[in-house]
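Student: the following comprises the amino acid sequence and a computationally predicted model.
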Amino acid sequence: VIRSVRDLRPLWVIPWETRLIVGTTESNYTGDLRNVRPDADEIEDLFTSFTRYFPTSGLTRGDICCAYAGVRPIVDQGGGSENSLSRKSEVVVDRDRRLITVNGGKLTTFRRMAEQTIDEVDRLLPRPTADADLRHRLRNAPLWPGLSRTDAARWIAELSAASNGSDESGRIASHLVRLYGRDAADILKEATRDQFLGGQTSRPRREGPPLFPDLPYCLAELVYLCKSEQVCHLLDLVKRRTSIYFLADHGGQSALPQIVDRIAPTLGWDRERTAFELSAVREEFEADCRAIGDFGVPRGSVRQPCGP
């Protein structure tokens, strides 16, 4: 934790895969909600604060290649400090329309908000709400989907060995178990099986190797997300369902044709739709580059996420 040189707000420097995130700023926003990006003052504040606390890092403005921002609604309580208002959350239930709306809150309160929301879903269905024992386990257990911490470690070892036992497969297995719990076995089964293409020149096509040398994403995981996580667009997949857009060099664009070729049959995309999806990601990346370029950052450098 460091302090902003501008207003002494706490800032966090967080390792994220092979990158760093520095943030966050907090300011009122009145612009277009469809085009939210940090401004030059926010990026300047984060970079200057980072270099003040880490003067020997050797990082320059040219090392910043991604800056992102989001808008969080704050529940109006008719007064009070912004700091206290920002933590307020509410779950609003419209029983006539069977609509539940979650307002406000912070990342640090998301589990409590999720619990309150599920309770309201239970009442609307209706079905019994979770008992005290389950609530205790949800609040105190690690977030391994369907697995305890001990189960997860065993599964990682077994799935890695079942692949080929390499460091690469171990990294992918750990990533998949951490995110998908028991479903990791099905993803890895798809990732490691050989698919033979027809004809006498048939050759194996493996879905398992990582798409990027320093990140644990493989094609089988992306296909799983398209089938299970309601992916609508390529940008949705690389920027929200995964963090490829932020973590891979140049927004992961080198692998996008390979990705879209693999997921298009799953999502029912034709050639025209595929071209549209690729273009949308490129346009988003170019817009992000322009925002950073206004700050004086060269466009072709290695991506180092920075999140105001």
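Tutor: Structure's in. What do you need? Keep in mind the model is a prediction, meaning the values are calculated, not measured. Residues are numbered from 1 along each chain as shown.

Student: enumerate every residue touching V121.
Tutor: With contacts defined as Cβ atoms under 8 Å, 6 or more residues apart in numbering, the neighbours of V121 are I100. Every C-beta, even on glycine, is put in place using the N, C-alpha and C of the backbone.

Student: what helix or strand is it on?
Tutor: For V121, the host element (DSSP states H and E) is helix 110-124.

Student: and that helix, which residues are buried?
Tutor: M113, Q116, T117, E120 (16 or more other Cβ atoms under 10 Å).

Student: farthest pair in the residues you listed?
Tutor: Of all pairs drawn from these, the widest gap by Cβ to Cβ lies between M113 and E120 and measures 10.9 Å.

Student: common neighbours of these two, please.
Tutor: Counting by Cβ under 8 Å, 6+ apart, the residues touching both M113 and E120 are V91.

Student: select the helix or strand of the protein having the lowest average pLDDT value.
Tutor: Scoring the helices and strands of the chain by mean pLDDT, DSSP states H and E places strand 194-196 at the bottom, with a mean of 33.

Student: and stretch 160-174, how far from the chain's centre?
Tutor: Centroid separation for stretch 160-174 versus its chain: 22 Å, with Cα atoms, centre = their mean, to the nearest Å.

Student: mind listing what's buried in it?
Tutor: In stretch 160-174, counting by 16+ other Cβ under 10 Å, buried: S160, S163, E168, S169, G170, R171, I172, A173, S174.

Student: quick one: which of those residues is nearest to R271?
Tutor: Once Cβ to Cβ is applied, the member of those that ends up nearest R271 is I172, at 30.4 Å.

Student: host element of the closest one?
Tutor: According to DSSP H and E, I172 maps onto helix 167-180.

Student: and that helix, what other elements does it pack with?
Tutor: Judged by 3 or more Cβ pairs under 8 Å, 6 or more residues apart in numbering; DSSP states H and E, the packing partners of helix 167-180 are helix 149-163, helix 184-192.

Student: please save the CA atoms from that helix in PDB.
Tutor: Coordinates of each C-alpha in helix 167-180 appear next as PDB, following Å, rounded to 0.1, in the frame of the first residue of the first chain:
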ATOM      1  CA  ASP A 167       5.700 -27.200 -15.800                       C
ATOM      2  CA  GLU A 168       3.500 -25.800 -18.500                       C
ATOM      3  CA  SER A 169       0.700 -28.300 -17.900                       C
ATOM      4  CA  GLY A 170       1.000 -27.800 -14.200                       C
ATOM      5  CA  ARG A 171       0.600 -24.000 -14.600                       C
ATOM      6  CA  ILE A 172      -2.500 -24.600 -16.800                       C
ATOM      7  CA  ALA A 173      -4.000 -27.100 -14.300                       C
ATOM      8  CA  SER A 174      -3.500 -24.800 -11.400                       C
ATOM      9  CA  HIS A 175      -5.100 -21.900 -13.300                       C
ATOM     10  CA  LEU A 176      -8.100 -24.000 -14.300                       C
ATOM     11  CA  VAL A 177      -8.700 -25.600 -10.900                       C
ATOM     12  CA  ARG A 178      -8.400 -22.200  -9.200                       C
ATOM     13  CA  LEU A 179     -11.100 -20.700 -11.500                       C
ATOM     14  CA  TYR A 180     -13.400 -23.600 -12.400                       C
END
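
Student: contact partners for E42?
Tutor: T25, S27, A67, A69, P308.

Student: highest neighbour count among those residues?
Tutor: A67 (25 neighbours; other Cβ atoms under 10 Å).

Student: and it, bridged to which residues?
Tutor: C306 (DSSP bridges).

Student: please report how far R98 lies from T129.
Tutor: From R98 across to T129, the span is 17 Å (Cβ to Cβ, to the nearest Å).
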